[in-house]
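>>> Sequence and predicted structure, then a few things I'm wondering about:
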Amino acid sequence: MGVTLKVTTPRWIRSSLPKLNTLFRQNCNDDGIFPILSKKQEENASKMLLVTPDAAARRTRRAAILIPVVSYRAKPSVLFTTRAATMNTQPSEVSFPGGHVEEGETFAEAALRECEEEVGGSHWSSMVIVGECSPLPSIKGTPVHPIVGVLPQELGDDLRSCLDPNPEEVENVFCISVEELLELETMKKIGRLSTPTPVFPSKHGEVWGLTAVALRPILHKVLKPVFLGKSS
């Protein structure tokens, strides 16, 4: 299927990319990694790990997800997917594109490859990588490395006409503007976690779990001050 994208880079992207890069790096540690969790939060997150016979093997694997900042209907937005109902893990849940890192790949390369495979379209190769975040433990113990990237093109109003999602992996693709995400955000106590975690209850489905945890610090420390001129 063909991909229809406006080739002109939206003005807000041209003006905001340097600010995004600068602010992201200002929040990074000495290794150039954006810390998602505090030490205490890391301890709480570890309680989510499933204790299974293959838990150690799972922790030796690595996964990467892409947090795609896009221009949708001329607004700075974040792109999400809804996983197919037939998926073995987290069926029908809202997530970021991503998957396991293959041998020889960087985390950014893996995230981009998975995005292309899940969402469709070769245009993801033009994604501008802003940086890498510290890993988060998945529910099965695999460390997941979030990568923040900006697509320097305008997505069409009808995402189905400009993207080609893989039906075996993705049920839906949608975007939520930065402003709306901030309005939607709430905190809930979920499962065995001792402290409330972020949740974004959208009309497309609830953004929660690892997806919401990865999104929140990027949203407040980078996207909000750059696009809305406000800091948290």
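That came through fine.
>>> Give me the pLDDT for residue 162.
Listed pLDDT for residue 162 reads 83.
>>> Count the neighbours of it for me.
By other C-beta atoms under 10 Å, 21 other residues sit near residue 162. Where you see a C-beta, it was placed from the backbone N, CA and C, and this is true even at glycine.
>>> Which neighbouring elements make contact with the strand ranked longest in the chain?
Secondary structure of the chain per DSSP state E: the longest strand is strand 143-155. Packing partners of strand 143-155 (3 or more C-beta pairs under 8 Å, 6 or more residues apart in numbering; DSSP states H and E): helix 11-26, strand 63-72, helix 107-119, strand 128-132, strand 136-137, helix 209-218.
>>> Mean confidence (pLDDT) on that strand, please.
Across strand 143-155, the per-residue pLDDT values average to 94.
>>> Could I have the CA atoms of that strand written out in PDB?
Listed next in PDB are the C-alpha coordinates belonging to strand 143-155 (Å, rounded to 0.1, in the frame of the first residue of the first chain):
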ATOM      1  CA  PRO A 143      14.400  -4.700  30.000                       C
ATOM      2  CA  VAL A 144      12.600  -2.300  27.600                       C
ATOM      3  CA  HIS A 145      14.600   0.700  26.300                       C
ATOM      4  CA  PRO A 146      12.400   3.700  25.200                       C
ATOM      5  CA  ILE A 147      13.700   5.700  22.200                       C
ATOM      6  CA  VAL A 148      12.300   9.200  21.600                       C
ATOM      7  CA  GLY A 149      12.000  10.200  18.000                       C
ATOM      8  CA  VAL A 150      10.400  13.000  15.900                       C
ATOM      9  CA  LEU A 151       8.900  12.300  12.400                       C
ATOM     10  CA  PRO A 152       9.700  15.500  10.400                       C
ATOM     11  CA  GLN A 153       6.600  15.100   8.200                       C
ATOM     12  CA  GLU A 154       2.900  15.800   8.500                       C
ATOM     13  CA  LEU A 155       0.700  12.700   8.900                       C
END
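>>> tell me the angle that strand makes with helix 209-218.
Angle, strand 143-155 to helix 209-218, by axes from the mean of the first three to the mean of the last three C-alpha atoms, to 10 degrees: 70 degrees.
>>> need the next SSE after strand 143-155, C-terminal direction.
Past strand 143-155, further along toward the C-terminus, the next helix or strand under DSSP states H and E is helix 159-162.
>>> Tell me the buried residues in that next one?
Residues 159, 162 are the ones in helix 159-162 that count as buried (16 or more other C-beta atoms under 10 Å).
>>> where's it relative to the chain centroid, distance-wise?
20 Å (C-alpha atoms, centre = their mean, to the nearest Å).
>>> before we move on, back to that, redo the helices and strands packed on strand 143-155 as CSV? Include mean neighbour count.
Shown next, in CSV, are the helices and strands packed on strand 143-155 (neighbours: other C-beta atoms under 10 Å):
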stretch, mean neighbour count
helix 11-26, 15
strand 63-72, 24
helix 107-119, 22
strand 128-132, 19
strand 136-137, 21
helix 209-218, 22
